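# below are the sequence and a predicted model; questions follow.
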Amino acid sequence: MRFLPALVCLLVAGCDLIPRTQLEKVQDKGVLRVLTRNSGTTYYEGPYGPTGVEYDLAAGFARHLGVRLEIRVPDTFAQILQDIREGDADMAAAGLTVTDERRRQFNFSTGYQRITPQLVYRVGTPSPQNLGDLHGSLEVVADSSHAERLRALQDEYPDLSFDENDELESEQLLNLVWEQVIDYTVADSNEVAISRRFYPELRVAFDISKAEQLAWAFPPGEDLSLVDAANSYLQSLRENGQLDRLLEKYYTYVADFDYVGTRRYMQHIEQRLPEFRAMFEQAGKETGIDWRLLAAIGYQESHWNPKAVSPTGVRGLMMLTQDTMKDLGIDASRHDAQSSIEGGARYIAQVKQRLPKRIKEPARTWMALAGYNIGYGHLEDARKLAQEDGADPNKWIEVKKYLPRLSQKKWYKKTRHGYARGNEPVRYVENIRSYYDILMWVTEREHPPRPPSPALTIQSPAL
């Protein structure tokens, strides 16, 4: 009779005589449940599907484990911490800074990115020199590492006061600073870099601490099997260079962007774009290309000036040659805005169509833009140089490193199409990416945002 309970246990589904580790539970379920938050530095729905640094890393980890990725976005930052503390998910990938207080509450992976918390203000507000020099309201995200750090600094700055906002994310607080609703906030350096494209009047006063590590958080306890698996995965990304390439993918083009030009661009969106918006929208419908991308190309080419003429003779809003317009079957003046936009849209669609099908989005779009700028033949030369050097010719993050070599005799003499000013298409694509991001941000503000799904299950793509 003493064996009866064990026999019953074996017959009942879900009863384990030998406890399974956290890693085994994830693999048995076939799903990795990840908590995150919506922001430009973590996870959001982009034009080509889910994207963001945290999303890409988590998706790669799920694929590494051979399971599906389930993304859930709690309502508040504090809820993320509470849910992972209570074990309601397998891990949190939400741009979490590792602090002493958090180490006592969670298990953490090794760090994968270094950021610096910065005090941010808007032009027109006196620039403070330190935390004792604040004259106005300071708000930070509730339960954030910033709030923890500021509390610790109150011993040094006894007059320091701040409010913890339990409803808004860091990016929204940056917006409030820009709108002059509050005077200051604290945000991580990566968030500041991205947000300044949208709010060019924001300024960094100073860092409130040294650089800190971002890491994944796991439920507390002695079972570190899933943490160890995450550390092994992240270490492999460091060793093969994928982690550096991922961070470069999201931040390099942002860091190089001209903030003075951003202010002018925002003015032109309001003053110039309305005249041409319907034309871009129609061209987008005809070619299947996001009209905002076409508009971003047009701005890079001419600042939306249909009378523009370059020193090399290309002209019009999309800066096309007469031969290109003729090849596209458009018999009209290049100074006619609608014809120029139609021609530019057709041309970029043709370049995209010529690219090998194995090149997936968004790399397909960025390479098509490079081909639009420098010519398809030169793009293929750069892809060939990348392949011969052991790099992946189907990834923009790799190919853009080889385009500049087309201006060096050592390299272009090996190519079919010879010399080209290879630095130009790299800068061209990076500028358009920022113009496109800003325009998406502006147009999305025209409509109320849709609330995120409680949970989104995704078949994890390759990193």
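Received it, and whenever you're ready, just let me know what you need.
# now do the host helix or strand of residue 61: everything it contacts.
For residue 61, the host element (DSSP states H and E) is helix 53-65. Residues outside helix 53-65 that contact it (C-beta atoms under 8 Å, 6 or more residues apart in numbering) are 23, 26-27, 32, 34, 36, 41-44, 50, 68-69, 71, 91, 93-95, 112-113, 229-230, 233-234, 237, 242, 246-247, 250, 458, 460-463. In this view, the C-beta of every residue, glycine as well, is placed from N, C-alpha and C.
# which residues in the stretch 1-150 of the chain form helices?
4-11, 22-29, 53-65, 77-85, 100-103, 145-153 (DSSP state H, counting those that start in this stretch).
# what sits against residue 42?
So residue 42 contacts 36, 52, 53, 54, 55, 93, 94, 95 (C-beta under 8 Å, 6+ apart).
# of these, just say which sits nearest to residue 167.
Using C-beta to C-beta, the shortest approach to residue 167 within these belongs to residue 94, at 16.5 Å.
# tell me the pLDDT at that closest one?
Looking at residue 94, its pLDDT stands at 94.
# next one: residue 262
So residue 262 comes in at 81 (pLDDT).
# report the buried residues of stretch 266-273.
Buried residues in stretch 266-273, defined by neighbour count with 16 or more other C-beta atoms under 10 Å: 266, 269, 272, 273.
# for stretch 154-165, same thing?
Quick answer for stretch 154-165 (16+ other C-beta under 10 Å): 160, 162, 165.
# if we can go back for a sec, make TSV out of the contacts of residue 42 and add neighbour count.
As requested, those are exported to TSV (neighbours: other C-beta atoms under 10 Å):
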residue	neighbour count
36	25
52	23
53	24
54	26
55	23
93	32
94	25
95	25
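# quick one: low-confidence parts of the protein?
By pLDDT under 70, the low-scoring segments of the chain are 1-17, 47-48, 253-260, 311-313, 447-463.
# tell me the domain ranges of it?
16-113+215-254, 117-209, 259-444 (automatic domain parsing).
# can you give me the neighbour number for the residue nearest to residue 144 when sequence neighbours are not counted?
Spatial nearest neighbour of residue 144, excluding adjacent residues (C-beta to C-beta, 6 or more residues apart in numbering): residue 77 at 6.2 Å. Residues lying near residue 77 (other C-beta atoms under 10 Å) number 22.
# who's in contact with residue 77?
37, 94, 141, 142, 143, 144, 169.
# okay, those in CSV with distance to residue 401 next?
Shown next, in CSV, are the contacts of residue 77 (distance: C-beta to C-beta, whole Å):
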residue, distance to residue 401
37, 32
94, 31
141, 37
142, 42
143, 41
144, 36
169, 34
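# which of these ranks first by neighbour count?
Of the contacts of residue 77, with other C-beta under 10 Å as the count, residue 37 tops at 27 neighbours.
# now the residue nearest to it when sequence neighbours are not counted: how far from residue 206?
Excluding its sequence neighbours, the residue lying closest to residue 37 (C-beta to C-beta, 6+ apart) is residue 94, at 4.8 Å. As defined by C-beta to C-beta, to the nearest Å, residue 94 lies at a distance of 25 Å from residue 206.
# could you do residue 234 as well?
From residue 234 over to residue 206 (counting by C-beta to C-beta), the distance is 31 Å.
# between these two, tell me which one has more neighbours.
residue 234 (22 against 12).
# hmm, who's touching the helix or strand hosting the more buried one?
According to DSSP H and E, residue 234 maps onto helix 225-240. Here helix 225-240 makes contact (C-beta under 8 Å, 6+ apart) with 21-24, 26, 57, 60-61, 64-65, 90-91, 107-110, 112, 216, 218, 242-244, 246, 463.
# of the residues you listed, buried ones?
Looks like the contacts of helix 225-240 have 22-23, 26, 57, 60-61, 64-65, 90-91, 107-109, 112, 216, 218, 242-243, 246, 463 buried, using 16+ other C-beta under 10 Å.
# ok but residue 185 is inside a helix, no?
No: read with DSSP: H, G, I helix; E, B strand; the rest coil, residue 185 is strand and lies in no helix.
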